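Trainee: here is the input, now give the coordinates:
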Amino acid sequence: MMISKIVHFRHAVQQWKTRSHPIRSGLMAIYIGPHRVRFVIPTRFLNYPVFARLLEMAEEEYGFSTTGGLVLPCEPGVFEGILRLLEIDEERYGKLQLDEFMKMMEDSMRLRNSDYFVCREYSYDGFNLSLLQR
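Mentor: Numbering: from 1, shown residues only. Got it, this is the predicted structure:
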């Protein structure tokens, strides 16, 4: 009896995993960080310099043969920060490069005396930032 319940449960989980999660037109799902936290973003974001750099980093990190969707090597908290800024003023922040976002976040975190940070090893202006938490 218990074995049949386990088999049924595993089958239900497998169906849930393979079932598509519909996404509206103009949006796409991406996965962030080592735990693959799912975000749904507007596809137009992929045209912004910050996303171009994150895509390059994903290619370096994972190559082209990944399974289960697009994964970006970034901490979810940092990615949320990027999305939050784009939500505040997409025209202004959409022009920023990854290093400019990193500088803004570093300055913001410094003000809060936090040791937060970000996406993998990334360097700008002589600073090395850990982009995935250590």
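
Trainee: all strands of the chain, in order?
Mentor: 27-32, 37-42, 71-72, 121-124, 127-130 (DSSP state E).

Trainee: mean pLDDT for the ones you listed: which is lowest?
Mentor: Among these, strand 127-130 has the lowest mean pLDDT, at a mean of 39.

Trainee: return the residues in contact with residue 83.
Mentor: Going by CB atoms under 8 Å, 6 or more residues apart in numbering, residue 83 touches 39, 41. Where C-beta positions appear, they are placed from N, C-alpha and C, glycine not excepted.

Trainee: which ones are touching the residue nearest to residue 37 when sequence neighbours are not counted?
Mentor: Among residues not flanking residue 37 along the chain, residue 76 sits closest, at 4.4 Å (CB to CB, 6 or more residues apart in numbering). Residue 76 sits next to 32-33, 35, 37, 39 when contact means CB under 8 Å, 6+ apart.

Trainee: and the residues you listed, which are buried?
Mentor: Buried members of those, scored by 16 or more other CB atoms under 10 Å, are 32-33, 37.

Trainee: now residue 27: how far from residue 105?
Mentor: 24 Å (CB to CB, to the nearest Å).

Trainee: again, but for residue 57
Mentor: Residue 57 is 16 Å from residue 105, by CB to CB.

Trainee: repeat for residue 42
Mentor: 21 Å.

Trainee: more neighbours, the two?
Mentor: residue 105 (19 against 14; other CB atoms under 10 Å).

Trainee: hang on, that one packs against residue 78?
Mentor: Yes: counting by CB atoms under 8 Å, residue 105 does reach residue 78; the two are 6.5 Å apart.

Trainee: that older thread, quick check, nearest of the buried ones among the contacts of residue 76 to residue 48?
Mentor: Using CB to CB, residue 32 is the member of the buried ones among the contacts of residue 76 that lies nearest residue 48, at 15.7 Å.

Trainee: who touches the closest one in this structure?
Mentor: 38-39, 71-72, 74-76, 79.

Trainee: if we use 7 Å, what do you get?
Mentor: Counting by CB atoms under 7 Å, 6 or more residues apart in numbering, residue 32 makes contact with 39, 72, 74, 76, 79.
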